[in-house]
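Colleague: show me the folded form of this:
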Amino acid sequence: MDQNLERLLAAMRQGADRGAELLITPECVLDGYGLDEVGGAAERTAALAQPLDGKYVTAVRRLAGELQVDVVLGFSEQAEAGKIYNSAAFIGRAGEILWVYRKIHCRNFERLDGTGCFTTGRQFHVARRPYRQGECHVGAMICFDREITESVRCLRSMRAQFVACPLATDTFGFAGGTRADNEMITRCRAAENEVCIAVVNHAGRFNGGSYVVGPEGEVICALGPAAEVGVVDVPVGLAAKLHADPYGWMGWGYRQPPVYRENCSDGE
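Modeller: Sure thing, here's the model as predicted:
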């Protein structure tokens with residue numbers, strides 16, 4: 001983990017030197033997200049989980065303050081009552097923790113009540129932040145949250161314009177052209193909610209391919225399989241413009257939430 005931290009801190013410096021205002025890491029960047037491995041993976045992840053006031057998170061917070069950048073840090077969080085969460089901490093440019101998102105949609109091999117070690121979260125978060133382009137409402141989800149339509153829908157209802165998505169997966173590319181792939185799902189989530197989404201994946205054991213999607217579903221930037229730092233101008237101004245007209249392109253203002261609650265068979 002010490003080497004992972006050193007690589008992370010070096011990448012943060014590189015991004016800040018190139019003008020980045022918001023830095024995003026992959027999912028569980030400090031321990032490498034080992035839950036897809038066999039033989040005691042959940043126990044190892046739990047043992048490596050870090051508290052918010054631990055030395056690793058503190059080091060990231062300290063550097064964020066030094067560089068004057070915001071950071072979305074994906075990490076395995078050791079929390080109260082011995083609970084372990086798959087978390088994304090939003091660290092402000094003064095080194096303060098603005099919120100901690102805890103992954104809501106964990107699959108069976110991740111969940112404590114399955115074969116994993118993570119307790120599932122219960123709350124999404126959005127923060128209003130000042131950037132060179134203007135104010136932006138920033139939220140987060142983690143990996144498999146994208147496959148669940150309600151994730152970005154909830155963030156959009158909380159006024160999110162930009163969604164950071166730490167990721168750990170190697171399932172990129174079309175599966176023989178027969179089903180929706182990683183990128184297509186993200187583009188759909190972005191377009192139907194008129195938000196920007198940045199997906200940041202591990203290289204090495206996973207296959208990189210981080211990318212950014214704009215609020216009209218367009219791919220703005222896509223990185224390769226190797227480890228690298230990408231700096232992208234994200235059109236959050238376009239997202240704000242689209243949100244200002246709720247009866248426009250995707251018709252957010254025409255939604256009927258009371259009707260959905262009345263008709264949803266699972267009580268939502």
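Colleague: for the stretch 51-200 of the chain, just list every one of the helices.
Modeller: Using DSSP state H, counting those that start in this stretch, the helices of the stretch 51-200 of the chain run over 55-67, 149-157, 182-193.
Colleague: including mean pLDDT, could the ones you listed go into TSV?
Modeller: Output for the helices of the stretch 51-200 of the chain, formatted as TSV (pLDDT from 0 to 100):
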stretch	mean pLDDT
helix 55-67	98
helix 149-157	97
helix 182-193	94
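Colleague: in TSV, list these along with mean neighbour count.
Modeller: The way it works is simple: take the backbone N, C-alpha and C, and place the C-beta from them, glycine included. Below are these laid out as TSV (neighbours: other CB atoms under 10 Å):
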stretch	mean neighbour count
helix 55-67	18
helix 149-157	19
helix 182-193	20
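Colleague: in a markdown table: those helices, plus distance to residue 90.
Modeller: Converted to a markdown table, the helices of the stretch 51-200 of the chain look like this (distance: least, CB to CB, whole Å):
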| stretch | distance to residue 90 |
| --- | --- |
| helix 55-67 | 10 |
| helix 149-157 | 13 |
| helix 182-193 | 19 |
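Colleague: by mean pLDDT, point me to the weakest helix or strand of this structure.
Modeller: Between all helices and strands in the chain, the lowest mean by mean pLDDT, DSSP states H and E belongs to helix 41-48, at a mean of 88.
Colleague: show me what it is packed against.
Modeller: strand 70-78 (3 or more CB pairs under 8 Å, 6 or more residues apart in numbering; DSSP states H and E).
Colleague: report the mean per-residue pLDDT for the strand it packs on.
Modeller: Strand 70-78 shows a mean pLDDT of 98.
Colleague: gap between that strand and the chain center?
Modeller: Computed by CA atoms, centre = their mean, to the nearest Å, the chain-centroid distance of strand 70-78 equals 10 Å.
Colleague: what's that strand packed up against?
Modeller: Counting by 3+ CB pairs under 8 Å, 6+ apart, strand 70-78 packs on strand 22-24, helix 41-48, helix 55-67, strand 84-91, strand 134-140, strand 162-166.
Colleague: so which of the helices of the stretch 51-200 of the chain gets nearest residue 19?
Modeller: helix 55-67 (11.2 Å; CB to CB).
Colleague: angle of that closest one against strand 84-91?
Modeller: 10 degrees (axes from the mean of the first three to the mean of the last three CA atoms, to 10 degrees).
Colleague: thinking again about what came up before, and of the helices of the stretch 51-200 of the chain, who's closest to residue 200?
Modeller: Among these, the nearest to residue 200 by CB to CB is helix 182-193 (11.7 Å).
Colleague: helices or strands next to that closest one in the packing?
Modeller: Counting contacts by 3+ CB pairs under 8 Å, 6+ apart, helix 182-193 is packed against helix 149-157, strand 196-200, strand 211-213, strand 219-222.
Colleague: same thing but at 7 Å, please
Modeller: Applying 3 or more CB pairs under 7 Å, 6 or more residues apart in numbering; DSSP states H and E, one finds that helix 182-193 contacts helix 149-157, strand 196-200, strand 211-213.
Colleague: tilt between that helix and helix 149-157?
Modeller: Using the same axes, to 10 degrees, helix 182-193 lies at 40 degrees relative to helix 149-157.
Colleague: ok, residues contacting helix 182-193?
Modeller: Helix 182-193 is contacted by residues 146-147, 152-153, 156, 169, 171-172, 196-197, 199, 211, 213-217, 219, 250 when judged by CB atoms under 7 Å, 6 or more residues apart in numbering.
Colleague: and that helix, how far out from the chain's middle?
Modeller: Here helix 182-193 is found 14 Å from its chain centre; the criterion is CA atoms, centre = their mean.
Colleague: angle of it against strand 196-200?
Modeller: Using the same axes, to 10 degrees: helix 182-193 against strand 196-200 is 160 degrees.
Colleague: how about helix 182-193 as PDB, C-alpha atoms only?
Modeller: As requested, the backbone C-alpha atoms of helix 182-193 are provided in PDB (Å, rounded to 0.1, in the frame of the first residue of the first chain):
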ATOM      1  CA  ASN A 182     -19.100  -0.400 -20.300                       C
ATOM      2  CA  GLU A 183     -18.900   2.800 -22.400                       C
ATOM      3  CA  MET A 184     -22.400   2.500 -23.800                       C
ATOM      4  CA  ILE A 185     -24.000   2.200 -20.400                       C
ATOM      5  CA  THR A 186     -22.100   5.300 -19.200                       C
ATOM      6  CA  ARG A 187     -23.100   7.300 -22.200                       C
ATOM      7  CA  CYS A 188     -26.800   6.400 -21.700                       C
ATOM      8  CA  ARG A 189     -26.600   7.400 -18.000                       C
ATOM      9  CA  ALA A 190     -25.000  10.700 -19.000                       C
ATOM     10  CA  ALA A 191     -27.400  11.500 -21.800                       C
ATOM     11  CA  GLU A 192     -30.600  10.600 -20.100                       C
ATOM     12  CA  ASN A 193     -29.600  12.800 -17.100                       C
END
